[in-house]
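>>> okay, here's the prediction I keep looking at, along with the sequence it came from:
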Amino acid sequence: MSLNSNPSSSTSTQAKARTERCLSASQIAKDVGAFEVWADYQGCEEVSFSTDLPVSIKAHTDEVFKLQGHLPKVWMTEGTKVCRNLARFADPEFLKFLTVAQASQPDLFSAKVPHDDEARGILRDLQTVFMAWESARRMRESSRKWSEADYAAGVYGLVRRAAIRCSEQREQCTIALPQPLSRHKVTSETARILKGKTVKPDGSLFIPTRLLVSELCEREQSPFNILHRHSRSIQKNGASKGDASFRYQSTLCARLPDACVFEVASAFWEDKKPAQDELAVAYRQNRMASTAALRQLHALNVHAPVFGMVWADGGVRAHTDWWDVKTEGKDQVLKIYSAAYGDPPAPGDRRQSSAFNQWNLAEPADIIQVYLFMRNLDRWTTGAFRDAVVAGITDLAGRVKEDEADVVSWRRKGDFSPSVARKVVAPPPPEPDTVSAEPAATPAAKQRKAKKRKHVPRTSLGSNC
């Protein structure tokens, strides 16, 4: 060691070098171990779609996943006026597309569905879906290697635009991640994983704020104002800090909206590369966004699920997530469940969850089902989901006003530094061959050395002091 070296500064430099930045949501999703830590601190569990859906959640999923019997059978019934008109005016390739879809999935069509204005709207949408199907087929048959951006522009985007008409679609909207549940103790090792504050899904589906303002935000005694006032009174009493303001809790987005409104999402999706590991990464990242949405719904007393999708290599997978409170011993524990939409495990299969059902967008029946799923999701978002949001928030405001409930903060805020349990690291022992620049001073000597001579100010002639 050099005579002029400073051991304390060397130790400080080493400690600083060991300090690492927090992981982003994308990095967490790519690392299975890191995601398991994050999910454990959020109370996340993966369960079965076929056996574990609560009755209240199943009522929503039945509506969204009802993919049969939406198309009029009269379209395909020869001899009818509607069928003759289609044969006269529609593209023959489009009619062939519908014929192939009916042959593989006859239940898509129903004799009970009339050829009314709604059916005509679906027929117009299906012509856009047909264009997406043709594009997917050409890309599959081509020798060129296509990126997910190509699929998103030429296939995925067409299907989504045809289906989404009522709700608000947002691309690359940054979502605020939730705070870890308080029952877990954050350590110096886990803090690096849990410090992340945002996730950015490729796409999100929101309730248009205009559908919530009149009932929840406009009046002086509106639910928003009641909850906002209660949140401010808690802050004045020192019970909460940072981003605990209700304006932050009322929005799922990382950035505050200009007006005092609720921003609530019903679905998220990821567009990923076709590699198998990328599909798993997309599912994990999607669950992070869904967990944030569900933590907000839990804080707002809204009992409804959130849906997720992974679009990759011309295929689509879906999952349903929801929250519930379970009793564990003497504690009430918040749980976030995720279930892959698909067939139940075969007998003897040790998997806990259902296998993902994957729709192949190169198949006419499959791409029509994806369109119908997105269309159902769009209308559910502004229908049953919106009603559940209004009912839950209104009920919460009433109970808060009567001092029967409190406003719960769910967003990631502040830093874990004061509460992190740190490991105490003993300083390294001195090396035996270390040469000291001077003998160690005794305590008394240190005191004598530190003592300064009394300073007597000098005065000059003519001074006024």
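Yep, it's here.

>>> centre-most residue in this structure?
With distances taken as C-alpha atoms, centre = their mean, Ala289 lies nearest the centre of the chain, 0.7 Å away.

>>> and the next element down the chain from the helix or strand containing that residue?
Secondary structure assignment for Ala289, by DSSP states H and E: helix 276-299. Downstream of helix 276-299, the first helix or strand assigned by DSSP H and E is strand 306-312.

>>> distance between the helix or strand just after that next one and the chain's centre?
Counting by DSSP H and E, the element after strand 306-312 in chain order, helix or strand, is strand 315-328. Centroid separation between strand 315-328 and its chain, computed with C-alpha atoms, centre = their mean, to the nearest Å, is 12 Å.

>>> let me see the contact set for the residue nearest to the centre of the chain.
With contact set as C-beta atoms under 8 Å, 6 or more residues apart in numbering, Ala289 has these partners: 175, 199, 201, 204, 268, 308. Just so you know, the C-beta spots here come from the backbone N, C-alpha and C atoms, and that holds for glycine as well.

>>> rerun that using 7 Å as the cut-off
175, 199, 201, 268 (C-beta atoms under 7 Å, 6 or more residues apart in numbering).

>>> and if you look at Met131?
Shown in contact with Met131 (C-beta under 7 Å, 6+ apart): Leu158.

>>> ditto for Thr382
Listed by C-beta under 7 Å, 6+ apart, the contact set of Thr382 reads 166-167, 207, 211.

>>> from Arg210, how far out is it?
Distance, Thr382 to Arg210, by C-beta to C-beta, to the nearest Å: 10 Å.

>>> how about stretch 116-128: buried residues?
Buried residues in stretch 116-128, counted by 16 or more other C-beta atoms under 10 Å: 119, 122-123, 125-126.

>>> just stretch 84-95 next, same as before
Buried residues in stretch 84-95, counted by 16+ other C-beta under 10 Å: 86, 90, 94-95.

>>> ok, so of the residues you listed, who is nearest Ser338?
Using C-beta to C-beta, Phe94 comes nearest to Ser338 of the buried residues of stretch 84-95, at 37.4 Å.

>>> quickly find the element holding that closest one.
helix 92-104.

>>> can you tell me what sits against that helix?
Helix 92-104 has contacts (C-beta under 7 Å, 6+ apart) with 75-76, 86-87, 108-109, 127, 130, 133, 364-365, 368.

>>> CA atoms only for that helix, dumped as CSV, please.
Taking C-alpha atoms only, helix 92-104 is exported to CSV below (Å, rounded to 0.1, in the frame of the first residue of the first chain):
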residue,chain,number,x,y,z
PRO,A,92,-64.8,-13.6,-54.4
GLU,A,93,-61.7,-14.1,-52.4
PHE,A,94,-63.4,-12.5,-49.4
LEU,A,95,-66.4,-14.9,-49.8
LYS,A,96,-63.9,-17.8,-50.0
PHE,A,97,-62.3,-16.6,-46.8
LEU,A,98,-65.7,-16.7,-45.0
THR,A,99,-66.5,-20.2,-46.5
VAL,A,100,-63.2,-21.6,-45.2
ALA,A,101,-63.9,-20.1,-41.8
GLN,A,102,-67.4,-21.6,-41.7
ALA,A,103,-66.0,-25.0,-42.7
SER,A,104,-63.5,-25.1,-39.8
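
>>> next SSE downstream of that helix?
Counting by DSSP H and E, what follows helix 92-104 is strand 109-110.

>>> okay, now the sheet partners of that following strand, with direction.
Strand pairing for strand 109-110, determined by DSSP bridges: strand 71-72 (parallel).
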